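Participant: below: sequence and its predicted model.
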Amino acid sequence: MELILPDWGLVVWTTVTFLLLLILLKAFAWKPIMAAIGERERSIEDALSKAEAAKDEMSRLTNENELLIKQARAERDLILSEARKAKEQIVSDAKELAHKEGARMIELARVEINNQKAIALADVKNQVATLSLEIAEKILRKQFEDQQQQNELVSQLLKEVKL
Amino acid sequence: MDFRHILNSKKITLGIILSVFSLFVTLKANAVQEKNESSTSVESKETKKFDPNETILEHIADSHYFHIGGKVAIPLPVLLYTDGGLEFFMASKFGAEGEEAYQGKYHTYALVKDKVKAVAADGKTVDESAKVFDLSITRNVFSMWMSVVLLFVIFVSVAASYKKRVGKAPKGLQSLLEPLILFVRDEVALPNIGYKYAKFMPLLLTVFFFILINNLIGMVPFFPGGSNLTGNIAFTIVLATVTLIVVNVNGNKYYWKHIFVPDVPFWLYPIMWVVEIVGIFSKPFALMVRLFANMMAGHVIILALISLIFIFQTLWISPVSVAFALFIDVLELLVAFLQAFIFTMLTALFIGSAVEEHHH
């Protein structure tokens, strides 16, 4: 029976002690401890969310970079193909030009050759004429060295002339 | 009421407790044996028949002496509030064993069954007319103050290391206690009280550590431990009353509506009022009895096991006594944590039901 009858002196001391302990610990221990724990948890959470944000930013940047690289690659391809086209154009243009030029020069050469040939032929004609005259002269001279013969010819010719 | 989370958190508690076990087992074994031997020497000098009932009750009850071992005991101060005025003297005035009467300023006092009573001039018959209120610094009060000093030193230093190590990982004592503090917050306060938990944290933490440290001090069998403070109804009645007051002061309109205007036909109201008002008091009452009975029972079992040696009058029984006492000690270590946890848990649960916004 003594056990379950509270000792009121101890009740008083326990009450006083407990309330004092509660007030003291609340002021000097629980408040700073809970505040520090809360603060640390907040900062950890903050750091985590910041890390998450940085990761997002990072992946965003990576995506952007990839996009840029892709665009650059596409642009490069475009430029290359354009350059190739241009090259082909230039080459074909040059070929055509050379062709035309060649043809023109050949034509000119032919005309020149023809001209030269004509000149040469004319020259040959002249020479042949001169030579023929000389030969004829020489032959005539030879033939008319004999008086007799000259007379015969004259007479012949005279006979032929019909008045 | 949902108690599943207790089972979950038990794993955590068990982990903590088991780690402490391994530390204490060796020490406890020595301690129990020491106690055993010292008691044996006392017994051998005395010839009267050993009465285990009396011995056990004497050990678990409060005392005006703090026994260190053998015949050596520290007399504690006696403070009495009498109808004449305050009386203050040391218990040594009652003699080394409390057998003498002491003539005080207003009355003559003597120890009757370890309690200070005003007695008639013959020093034997209790003087019923004198009003004496015993406010002595007994063994339990001494032990409680020691625990308060310990708690204060421990937690102020922990708070200091929190201030010193802002934003850093806990270290030393801080890292030993932080899991317990977080346990009270995350497993006890938050699930039971909800978002309003912060206001009740100081109370819950104080109750938890106050009970825990006194349970542990009570388990140390030699001076300055061994007091049975948490197994004393005066201690538990105060804590239960604190719970009762805190719960009802913080009760919101839903809580009071549930008590006075419950969802039943109105003619049942008188019955419900009785039931609910009994409920208000029965909940803290259960808290009071649970802690008191658990802690007292632990002390009684250990003392009974040690008493076996003196009942059988042989040392050969001592291995059995020590083995069983050690087993119970280990169990009591679990109970020390468990009871502190359950008291705090249920206090949080009652507060939670009083501040809940949406009552069914």
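Facilitator: Good, I have the coordinates.
Participant: just the helices in chain A please.
Facilitator: A:8-25, A:31-143, A:147-160 (DSSP state H).
Participant: what's the most buried one of those helices?
Facilitator: helix A:8-25 (a mean of 18; mean count of other Cβ atoms under 10 Å in any protein chain shown). Glycine gets a C-beta too; all of them are placed from N, C-alpha and C.
Participant: still on that earlier bit, mind putting the helices of chain A into a markdown table with mean pLDDT?
Facilitator: Shown next, in a markdown table, are the helices of chain A (pLDDT from 0 to 100):
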| stretch | mean pLDDT |
| --- | --- |
| helix A:8-25 | 93 |
| helix A:31-143 | 93 |
| helix A:147-160 | 85 |
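Participant: dump these to CSV, plus distance to B:L151.
Facilitator: Shown next, in CSV, are the helices of chain A (distance: least, Cβ to Cβ, whole Å):
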stretch, distance to B:L151
helix A:8-25, 7
helix A:31-143, 13
helix A:147-160, 176
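Participant: for B:V322, find the nearest of those helices.
Facilitator: The minimum distance between B:V322 and the helices of chain A falls on helix A:8-25, with 31.7 Å, by Cβ to Cβ.
Participant: OK, contacts around the spatially most central residue of chain B?
Facilitator: Taking Cα atoms, centre = their mean as the criterion, B:T230 is the residue nearest the geometric centre of chain B, at 0.9 Å. The contact partners of B:T230, by Cβ atoms under 8 Å, 6 or more residues apart in numbering or on different chains, come to B:211, B:214-215, B:218, B:236, B:291-292, B:295, B:339.
Participant: where in the stretch 251-360 of chain B is pLDDT low?
Facilitator: Applying pLDDT under 70 to the stretch 251-360 of chain B picks out residues B:359-360.
Participant: now do 90
Facilitator: Low-confidence segments of the stretch 251-360 of chain B, defined by pLDDT under 90: B:252-255, B:257-270, B:306, B:308-318, B:356-360.
Participant: interface residues of it facing chain A?
Facilitator: Residues of the stretch 251-360 of chain B lying close to chain A by Cβ under 8 Å from any Cβ of the partner chain are B:M296.
Participant: can you name the residue of the stretch 251-360 of chain B nearest chain A?
Facilitator: The stretch 251-360 of chain B approaches chain A most closely through B:M296 (7.1 Å), counting by Cβ to the nearest Cβ.
Participant: assign the residue lying closest to that residue once chain neighbours are set aside to helix, strand or coil.
Facilitator: Spatial nearest neighbour of B:M296, chain neighbours left out: B:G231 (3.5 Å); criterion: Cβ to Cβ, 6 or more residues apart in numbering or on different chains. B:G231 falls in the coil class when you classify it by DSSP: H, G, I helix; E, B strand; the rest coil.
Participant: any idea how far B:A96 is from B:V246?
Facilitator: With distances taken as Cβ to Cβ, to the nearest Å, B:V246 is found 44 Å from B:A96.
Participant: more crowded one of these two?
Facilitator: B:V246 (19 against 13; other Cβ atoms under 10 Å in any protein chain shown).
Participant: and the pLDDT for the more buried one?
Facilitator: Note on B:V246: pLDDT of 95.
Participant: do B:S9 as well
Facilitator: 52.
Participant: now do the one 5 residues further on
Facilitator: The confidence metric pLDDT takes the value 49 at B:L14.
Participant: make TSV out of the helices of chain A and add distance to chain B.
Facilitator: Below are those laid out as TSV (distance: least, Cβ to the nearest Cβ, whole Å):
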stretch	distance to chain B
helix A:8-25	4
helix A:31-143	4
helix A:147-160	151
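Participant: averaged pLDDT, stretch B:189-208. What do you get?
Facilitator: 92.
Participant: measure that stretch end to end?
Facilitator: Chord length of stretch B:189-208, first to last residue, is 11 Å (Cα to Cα, to the nearest Å).
Participant: check stretch A:17-31 too.
Facilitator: 19 Å.
Participant: also stretch B:50-68?
Facilitator: Length of stretch B:50-68, first residue to last, Cα to Cα: 20 Å.
Participant: any part of that stretch near chain A?
Facilitator: Yes - with Cβ under 8 Å from any Cβ as the measure, stretch B:50-68 is seen reaching chain A through B:57, B:60-62.
Participant: gap between stretch B:239-254 and the chain center?
Facilitator: 21 Å (Cα atoms, centre = their mean, to the nearest Å).
Participant: picking up where we left off before, isn't the residue of the stretch 251-360 of chain B closest to chain A up against B:A61?
Facilitator: No - taking Cβ atoms under 8 Å as the definition, B:M296 is not a contact partner of B:A61, at 10.1 Å.
Participant: B:F266: which of the helices of chain A is closest?
Facilitator: helix A:8-25 (40.2 Å).
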